[in-house]
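# This is a predicted model, with the sequence first.
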Amino acid sequence: MVKPNQPRPTDAELEILRILWSRGPSTVRDVHQQMHAGKPTGYTTVLKLMQIMADKNLVRRNEEQRAHIYEAALPRDTTQQQLVGDLLDRAFGGSARQLVMQALASRPATPEDLDEIRSLLDEYERGTR
């Protein structure tokens, strides 16, 4: 369950979280190298962002080694639920139907995606999800 007062990550913070979710616990240098491969980003910028994220409890910092190790404080799905819940409330007035309809209208869904959505809806209706 997401805490209601959990800070919402910025776009730059989400980029760092995606790296941490895929790599696991990492140093600032590890994160910087991966970010810099996509677009030029300064090391000190990444360091400062990760320090802010630690202050916001978005990441945990292990200071036992010389190079601090950072890891996401929450799993990916928890953060995604938080962001979707916020979007649902702010942009769609709490209407899950409107959110889903807009999501499907904004980008084409593959047949596999639609099959998985149908299965999830079936599970939801049966109460197994």
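Everything's here; your move.

# And the closest residue to residue 9 other than its chain neighbours, its phi and psi?
Closest residue in space to residue 9, ignoring its immediate chain neighbours: residue 58 at 5.7 Å, by Cβ to Cβ, 6 or more residues apart in numbering. Any C-beta I mention is one placed from the backbone N, CA and C, and that applies to glycine too. When read as degrees, to the nearest 10, the backbone of residue 58 gives phi -80, psi -30.

# could you list every residue that touches residue 28?
Residues near residue 28 by Cβ atoms under 8 Å, 6 or more residues apart in numbering: 43, 46-47, 50, 67-68, 70.

# at 6 Å what do you get?
Taking Cβ atoms under 6 Å, 6 or more residues apart in numbering as the contact definition, residue 28 lies against 46-47, 50.

# mind listing which of the residues you listed are in helices?
Restricting the contacts of residue 28 to those inside helices, with DSSP state H as the criterion, leaves 46-47, 50.

# Weed out the non-buried ones from the residues you listed.
In terms of neighbour count (16 or more other Cβ atoms under 10 Å), the buried residues within the ones in helices among the contacts of residue 28 are 46, 50.

# Any chance of CSV for the ones in helices among the contacts of residue 28, columns distance to residue 83 and pLDDT?
What follows is the ones in helices among the contacts of residue 28, written out as CSV (distance: Cβ to Cβ, whole Å; pLDDT from 0 to 100):
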residue, distance to residue 83, pLDDT
46, 22, 97
47, 25, 96
50, 19, 97
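
# Including distance to residue 16, could the ones in helices among the contacts of residue 28 go into JSON lines?
Supplementary listing: these in JSON lines, determined by distance: Cβ to Cβ, whole Å:
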{"residue": "46", "distance to residue 16": "7"}
{"residue": "47", "distance to residue 16": "11"}
{"residue": "50", "distance to residue 16": "6"}
